[in-house]
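J.: Below: sequence and its predicted model.
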Amino acid sequence: MLHRLLPHPLLTVTLALTWLLLVNSLTPGQALIGLILGWAIPVFTRRFWPERVRIARPWWLVFFLIKVLWDILVANVAVAVLIVGGQRFARPAFVAVPLELRTELAIGILANTISLTPGTVSAWLSPDRKLLMVHGLRVNDPDALVQEIKTRYERPLVDIFEPPC
């Protein structure tokens with residue numbers, strides 16, 4: 001019964017906090033609107049979720065988000081330097097990243113994390129969901145980029161969403 005009333009508690013809290021950040025106000029009225037939106041969106045979109053979200057290690061998710069925010073900041077500076085330095089430093093390339101992740105949510109978070117980090121973008125996911133094509137703006141060593149994505153982003157997501165049984 002509780003699952004029907006509150007299908008995704010973490011999403012509810014995240015949406016409510018996001019609302020408060022967007023309106024830049026901590027008044028009781030805005031907090032109430034945030035809670036209503038945080039409750040209503042998961043309830044009314046429940047049928048579109050392919051599977052129940054299971055986060056095995058929630059604190060690892062917090063640390064992962066901090067790491068991603070830091071990487072976005074660092075990548076913004078690197079891309080700005082690349083733009084100011086001219087195109088001679090750019091070495092664009094596509095690289096294929098083999099995936100260990102199996103759940104749609106975890107693969108979606110990985111693809112979005114890559115796209116949020118300036119200088120890289122997720123371009124294509126194979127139909128069997130075992131290969132993610134990534135475009136990099138400055139790829140000196142394709143294997144190093146693949147290894148960085150796998151160790152920095154995919155491995156933590158495996159630990160957070162798909163722990164061993």
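T.: That came in fine, so what should we check first?
J.: what bridges to G136?
T.: A93, T120 (DSSP bridges).
J.: mind checking pLDDT for the residue minimising distance to the centre of the chain?
T.: The centroid of the chain falls nearest to I109 when counting by C-alpha atoms, centre = their mean (3.4 Å). Note for I109: predicted pLDDT of 92.
J.: Also L61?
T.: You'll see L61 listed with a pLDDT of 87.
J.: Which strand or helix spans it?
T.: Secondary structure from DSSP states H and E places L61 in helix 58-85.
J.: ditto for V43
T.: Assigned by DSSP H and E, V43 belongs to helix 28-44.
J.: which other residues reach that helix?
T.: If you take C-beta atoms under 8 Å, 6 or more residues apart in numbering as the criterion, helix 28-44 is touched by 5-8, 11-20, 23. The C-beta positions use only the backbone N, C-alpha and C, and glycine is treated the same way.
J.: Restricted to helices, list those.
T.: Applying DSSP state H to the contacts of helix 28-44, the entries found in helices are L5, L11, T12, V13, T14, L15, A16, L17, T18, W19, L20, V23.
J.: Which residue, other than its chain neighbours, is closest to V23?
T.: Counting by C-beta to C-beta, 6 or more residues apart in numbering, the nearest residue to V23 once its immediate chain neighbours are dropped is Q30, at 5.2 Å.
J.: Can you report how many residues lie near the one you found?
T.: Other residues lying near Q30 total 16 when counted by other C-beta atoms under 10 Å.
J.: Could you measure from it over to D159?
T.: 35 Å (C-beta to C-beta, to the nearest Å).
J.: Could you list the domains of the chain?
T.: Per automatic domain parsing, the structural domains of the chain span 2-48, 58-161.
J.: Buried deepest among those, which one?
T.: With neighbours taken as mean count of other C-beta atoms under 10 Å, these reach their highest mean count in domain 58-161, at a mean of 15.
J.: That one spans what distance, first to last residue?
T.: Terminal residues of domain 58-161 are spaced 9 Å apart (C-alpha to C-alpha, to the nearest Å).
J.: Would you mind listing the residues in contact with T18?
T.: Applying C-beta under 8 Å, 6+ apart, the residues near T18 are G34.
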